[in-house]
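coords please:
(2 chains)
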Protein chains: 2
Amino acid sequence: MIYQRVALIGLGLIASSMFWAMKRGGLAGEIAGYARSEATRATARRIGLCDLVCESAAEAVIGADLIVLCVPVGVMGAVTAEIAPHLKPGATITDVGSVKREVIDSVSPHLPDNVHFVPGHPLAGTEHSGPEAGFAELFDNRWCLLVPPVGTDAQAIDRLQKLWEGLGSNVEVMGADHHDLVLAVTSHAPHLIAYTMVGVADDLRRVTDSEVIKYSAAGFRDFTRIAASDPTMWRDVFLTNKDATLEILGRFTEELFALQRAIRTGDGDHLFAYFTRTRAVRRGIIEAGQDTDAPDFGRGAGR
Amino acid sequence: MIYQRVALIGLGLIASSMFWAMKRGGLAGEIAGYARSEATRATARRIGLCDLVCESAAEAVIGADLIVLCVPVGVMGAVTAEIAPHLKPGATITDVGSVKREVIDSVSPHLPDNVHFVPGHPLAGTEHSGPEAGFAELFDNRWCLLVPPVGTDAQAIDRLQKLWEGLGSNVEVMGADHHDLVLAVTSHAPHLIAYTMVGVADDLRRVTDSEVIKYSAAGFRDFTRIAASDPTMWRDVFLTNKDATLEILGRFTEELFALQRAIRTGDGDHLFAYFTRTRAVRRGIIEAGQDTDAPDFGRGAGR
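Residues are numbered from 1 along each chain as shown, chains lettered A, B, ... in the order given. Below you'll find the model as predicted:
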């Protein structure tokens, strides 16, 4: 057991997966949970999510050795203000937000000096959300990035790292600004691009929605999966990782224009060289073990 | 049995999958094959791909009731010129190219009057290519679009439709220009966008390739799969479906700029409404049976 008592604030995909994975690994004594919506709390009680579902965030954190903020990035500060007076001295508080500089800036001012703040970000998810979306295997062999501000207690970091390792993750520590840039490239910009392409398809009047849907076997289908993620979460990601996302999108547009020009002028050599280079990046990902090489990803046909 | 003798010209992912699926369904008597590269022919002989691997395309088509052109769109015309003098009167010739107007324009002029040309496009694929990439289930429950020019023999169309149904596909008939627009939306533009994003990530100097690869759990990983497809095939797709692709990319850029502006100005309502709408498109695709609703697509963690 790594923590005697854990409080999960917010009970969506990540929190519910953490609960099941903590139970799987015997990593926590008692796990309390809180969600703002009464419907979510009722669902949690029905499916046995959390040992104790509380009626307020303040109640949930009482006596907790670890508090995990699993709410959208945009409300992390407000939730922290609410729970701050009730935190146990020596407790560790962490989060699972996709943006780290903003979380540090909005959470830190509310915290008492006698708690340890170790922001975190598990790089795992599906396009599903809510308390019933979680499963114990979500974090297995995925990365979890910890982004502790300079001067954070080393023991508190180490203990949280052990928790994430117990949940199945590989853990790495990095600075908040670098985290936000890396994520802008690997996740935030790709999500915005996927959202955009799905929106364009939906808008186009000469191709019906039902055609787009029927014939989306390749390419577009993968975009729709990305573009189906939780709208609240993603709104907050873009509003709070604004600079890095806009920088990457600027680079993307520049590059896209160059490829459009190659198409327009019929420059096949440019296209071929570009596509050959991107294929190599894919090979690197498979070799790094972040995806499977199986054809069609074992989706099976049409299921 | 639907065709007594079939010739597969080009032995990549699609042709090899057609071979295994025709054998599975007992749809063809003898299946001859030809590939331009000697190495591919040797591989085909080694793995038992085709009943007969020929040393020339002309030899492969002799006596064939159905000829399937499985070569890149850019060489369809040249291959047709080569085989045209050897085609059996009354034979059907089809192709599997991703662009249809260009194939019709480049293939038709070479064909004798006594053969039936029924262009086709199976909407199925993986990011793998080559003779060893094929498998019998590739077309199961996927769409195959047939795009016969006006006046094509109805019986020839019907027979080819029965073959594709035997291969596991659902078949629909449409016009070539509409096909090219639909595919620009659902496949060609998304592929170019994915290629671009992967290229941007690879270029960015402040984030290392190994970081991009390590942390590509969501979003970017799906792009790399798309961007790993065969460079020759995709070069030809963009060069031959130029107008429709450029039109969709123009709309895409316009829309992306609007979302970038919303991020820059902090217009959360605009973002939230947009993301909610795209989520609904995804639901439509799942309901249409073109993808699975399973979390993480059954990829499993880290495999």
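
What ranges does the stretch 1-150 of chain A have for its strands?
Assigned by DSSP state E, counting those that start in this stretch, the stretch 1-150 of chain A shows strands spanning A:3-9, A:28-34, A:52-53, A:66-69, A:92-95, A:116-117, A:120-122, A:143-146.

Using TSV, lay out these together with mean pLDDT, distance to residue A:18 and mean neighbour count.
C-beta here means a position set from N, CA and C on the backbone, and glycine is covered the same way. Formatted as TSV, these follow (pLDDT from 0 to 100; distance: least, Cβ to Cβ, whole Å; neighbours: other Cβ atoms under 10 Å in any protein chain shown):
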stretch	mean pLDDT	distance to residue A:18	mean neighbour count
strand A:3-9	98	7	24
strand A:28-34	98	9	22
strand A:52-53	98	15	18
strand A:66-69	98	7	27
strand A:92-95	98	11	26
strand A:116-117	98	18	21
strand A:120-122	97	8	24
strand A:143-146	96	11	21
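
any chance of those in a markdown table, plus distance to chain B?
Listed next are the strands of the stretch 1-150 of chain A as a markdown table, based on distance: least, Cβ to the nearest Cβ, whole Å:
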| stretch | distance to chain B |
| --- | --- |
| strand A:3-9 | 19 |
| strand A:28-34 | 20 |
| strand A:52-53 | 23 |
| strand A:66-69 | 19 |
| strand A:92-95 | 17 |
| strand A:116-117 | 22 |
| strand A:120-122 | 9 |
| strand A:143-146 | 6 |
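
I'd like those laid out as CSV, including distance to residue A:178.
Shown next, in CSV, are the strands of the stretch 1-150 of chain A (distance: least, Cβ to Cβ, whole Å):
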stretch, distance to residue A:178
strand A:3-9, 26
strand A:28-34, 30
strand A:52-53, 37
strand A:66-69, 21
strand A:92-95, 18
strand A:116-117, 18
strand A:120-122, 12
strand A:143-146, 10
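
What about the single nearest residue of the stretch 101-250 of chain A relative to chain B, how many residues nearby?
For the stretch 101-250 of chain A, the residue closest to chain B is residue A:141, as judged by Cβ to the nearest Cβ, at 2.8 Å. Residue A:141 has 16 neighbours, counted by other Cβ atoms under 10 Å in any protein chain shown.

Any chance you could list what contacts stretch A:76-94?
A:9-10, A:57-69, A:71, A:95, A:97, A:102-103, A:106-107, A:109-112, A:114-120, A:156, A:159-160 (Cβ atoms under 8 Å, 6 or more residues apart in numbering or on different chains).

Report the buried members of the residues you listed.
Buried members of those, scored by 16 or more other Cβ atoms under 10 Å in any protein chain shown, are A:9-10, A:57, A:60-61, A:64-69, A:71, A:95, A:97, A:102-103, A:106-107, A:110-111, A:115-120, A:156, A:159-160.

so the residue of the stretch 101-250 of chain A closest to chain B touches residue A:170, yeah?
Yes: look at residue A:141 against residue A:170 with Cβ atoms under 8 Å: they come within range, at 7.1 Å.

the longest helix in chain A is where?
Taking DSSP state H as the criterion, chain A has its longest helix at helix A:242-265.

Can you name the residues in contact with it?
Helix A:242-265 is touched from outside by A:180-181, A:183-185, A:188-189, A:192-193, A:237-238, A:267, A:270-271, A:274, B:192-193, B:195-197, B:199-200, B:203-204, B:238-239, B:242, B:245-246, B:249, B:253, B:256, B:260, B:263-264, B:266, with contacts defined as Cβ under 8 Å, 6+ apart.

If any of those are buried, put those into a PyMOL selection.
In PyMOL, this line selects whichever of the contacts of helix A:242-265 come out buried by 16+ other Cβ under 10 Å:
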select buried, (chain A and resi 180+181+183+184+185+188+189+192+193+237+238+267+270+271+274) or (chain B and resi 192+193+195+196+197+199+200+204+238+239+242+245+246+249+253+256+260+263)
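
List the contacts of residue A:161.
Contacts of residue A:161 (Cβ under 8 Å, 6+ apart): A:146, A:171, A:173.

Can you tell me which of those is closest to residue A:136?
Closest approach between the contacts of residue A:161 and residue A:136, by Cβ to Cβ: residue A:171, at 17.9 Å.

what lines up beside the helix or strand harbouring the closest one in the sheet?
Using DSSP states H and E, residue A:171 falls within strand A:170-173. Pairing partners of strand A:170-173, with direction, according to DSSP bridges: strand A:143-146 (parallel).

How about exporting the partner strand as PDB, limited to the C-alpha atoms?
C-alpha atoms of strand A:143-146 as PDB (Å, rounded to 0.1, in the frame of the first residue of the first chain):
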ATOM      1  CA  TRP A 143       3.800   7.300 -19.800                       C
ATOM      2  CA  CYS A 144       2.900   9.500 -16.800                       C
ATOM      3  CA  LEU A 145       4.700  12.800 -16.700                       C
ATOM      4  CA  LEU A 146       5.300  14.500 -13.300                       C
END
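
Pass me the low-pLDDT residue ranges in the stretch 201-303 of chain A, would you?
A:205, A:209, A:217-218, A:285, A:288-303 (pLDDT under 70).

I'd like to know how far the residue most central in space within chain A sits from residue A:135.
Closest residue to the average C-alpha location of chain A: residue A:98 at 5.0 Å, with Cα atoms, centre = their mean. Residue A:98 sits 20 Å away from residue A:135, going by Cβ to Cβ, to the nearest Å.

taking the mean pLDDT, what do you get for stretch A:181-199?
Averaging pLDDT along stretch A:181-199 gives 90.

what about residue A:27, how many residues close to it?
Neighbours of residue A:27 (other Cβ under 10 Å): 21.

I'd guessed it sits against residue A:2; true?
Yes: between residue A:27 and residue A:2 there is a contact under Cβ under 8 Å: 5.0 Å.

And chain B, is the following helix or strand past the longest helix of chain A touching that?
As assigned by DSSP H and E, the chain's next helix or strand after helix A:242-265 is helix A:268-287. Yes: part of helix A:268-287 sits near chain B under the criterion Cβ under 8 Å from any Cβ of the partner chain, namely A:268, A:271-272, A:274-279, A:281-285.

Just the buried subset of those, please.
Buried among the residues of helix A:268-287 next to chain B (16+ other Cβ under 10 Å): A:268, A:271, A:272, A:274, A:275, A:277, A:278, A:279, A:281, A:282, A:284, A:285.

Tell me the spacing between the fifth one and residue B:24.
With the distance defined as Cβ to Cβ, residue A:275 ends up 32 Å from residue B:24.

Any idea how many residues pack against residue A:247?
Neighbours of residue A:247 (other Cβ under 10 Å): 16.

Sorry, wrong one. I was asking about residue A:37.
With neighbours defined by other Cβ under 10 Å, the count for residue A:37 comes to 12.

Give me the phi and psi for it.
Per-residue torsions, residue A:37: phi -80, psi 130 (degrees, to the nearest 10).

any idea how far residue A:17 is from it?
Distance, residue A:37 to residue A:17, by Cβ to Cβ: 18 Å.

now swap in residue A:26 and tell me
Look at residue A:26 and residue A:17: by Cβ to Cβ, they are 16 Å apart.

Those two - which one has more neighbours?
Neighbour count, other Cβ under 10 Å: between residue A:26 and residue A:17, residue A:17 has more, with 26 against 10.

Surely that one touches residue A:134?
Yes: at 3.8 Å, residue A:17 and residue A:134 qualify as touching, with contact defined as Cβ under 8 Å.

Now do residue A:207 against residue B:88, distance only.
38 Å.

Could you check which of the two is surrounded by more residues?
Using other Cβ under 10 Å, the more surrounded residue of residue A:207 and residue B:88 is residue A:207, with 21 against 17.

tell me the contacts of the more buried one?
Residue A:207 neighbours (Cβ under 8 Å, 6+ apart): A:201, B:181, B:182, B:185.

rerun that using 6 Å as the cut-off
By Cβ atoms under 6 Å, 6 or more residues apart in numbering or on different chains, the contact list for residue A:207 reads B:181, B:182, B:185.
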